[in-house]
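Asks: when you get a sec, could you give me coordinates for this:
(one chain, ligands or ions: 1)
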Amino acid sequence: MSISASQSPSPAADGTAPAGTTVTDRLVTANAQYADAFSDPGMDARPVLKVAVVACMDARLDLHAALGLELGDCHTIRNAGGVVTDDIIRSLTISQRALGTRSVVLIHHTDCGLLGLTEDFRHDLAAEVGQRPTWAVEAFKDLDEDVRQSMERVRTSPFLLHKDDVRGFVFDVTTGLLREIFPQR
Ligand SMILES: [Zn+2]
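Replies: Now for the predicted structure:
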């Protein structure tokens, strides 16, 4: 039922097709300009710095700029909250075992959308649509504690090869600074 992003926008009332009326059209236009200036860097798929960064999908978090990363340097794996779910472990496992990364950096951030949610979100959703999600919301109230929890999930995963360089941080969206979170005791 949903409209594919690749379809042209609907014609206007007068029958003319408006150009670039959706946000996706805007992105496609920007891509054409990007490709014009792009030259194949000839890179391998293996990240140059051998690091995987797991972070929240938050729009205010520009990982490459914030961490001084260049194209090809790292894997970026993002979801709501930067929570270490099974799918994040799947990506990290492929990142390490097939593509040679060794270090893991976990980044949560201040003012995260997940801080205001509870598992009620999931129950309300099930009541509304008549189907219980298979996933947990993974909401949290304590940022630092959730970073610790995420580090622990990485460090205890049986699938990962490299767990000696796993560090976690909270990114402050108002200052741009990272604050490192250390495991307790
Ligand atoms: Zn967030």
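Asks: pull out the buried residues from the helix or strand of the chain with the lowest mean pLDDT.
Replies: Sorted by mean pLDDT, DSSP states H and E, the helices and strands of the chain end with helix 120-129, the least confident at a mean of 93. Buried residues in helix 120-129, counted by 16 or more other Cβ atoms under 10 Å: Arg122. (Glycine included, C-beta is placed from N, CA and C.)
Asks: and what of stretch 167-176?
Replies: For stretch 167-176, by 16+ other Cβ under 10 Å, it's 167-171.
Asks: go on, stretch 88-100?
Replies: Buried, per 16+ other Cβ under 10 Å, within stretch 88-100: 88-89, 91-92, 95-96.
Asks: again, but for stretch 71-89
Replies: 73-85, 88-89.
Asks: need the contact partners of it.
Replies: Contacts with stretch 71-89, where a contact means Cβ atoms under 8 Å, 6 or more residues apart in numbering, come from 41, 43, 47-49, 51-57, 63-64, 67, 91-92, 95, 99, 101, 106-109, 112-114, 135, 138-140, 146, 149-150, 153-154, 157, 159-160.
Asks: again, only this time at 6 Å
Replies: Contacts with stretch 71-89, where a contact means Cβ atoms under 6 Å, 6 or more residues apart in numbering, come from 43, 47-49, 51-57, 63, 91, 95, 107-108, 114, 138, 150, 153-154, 157.
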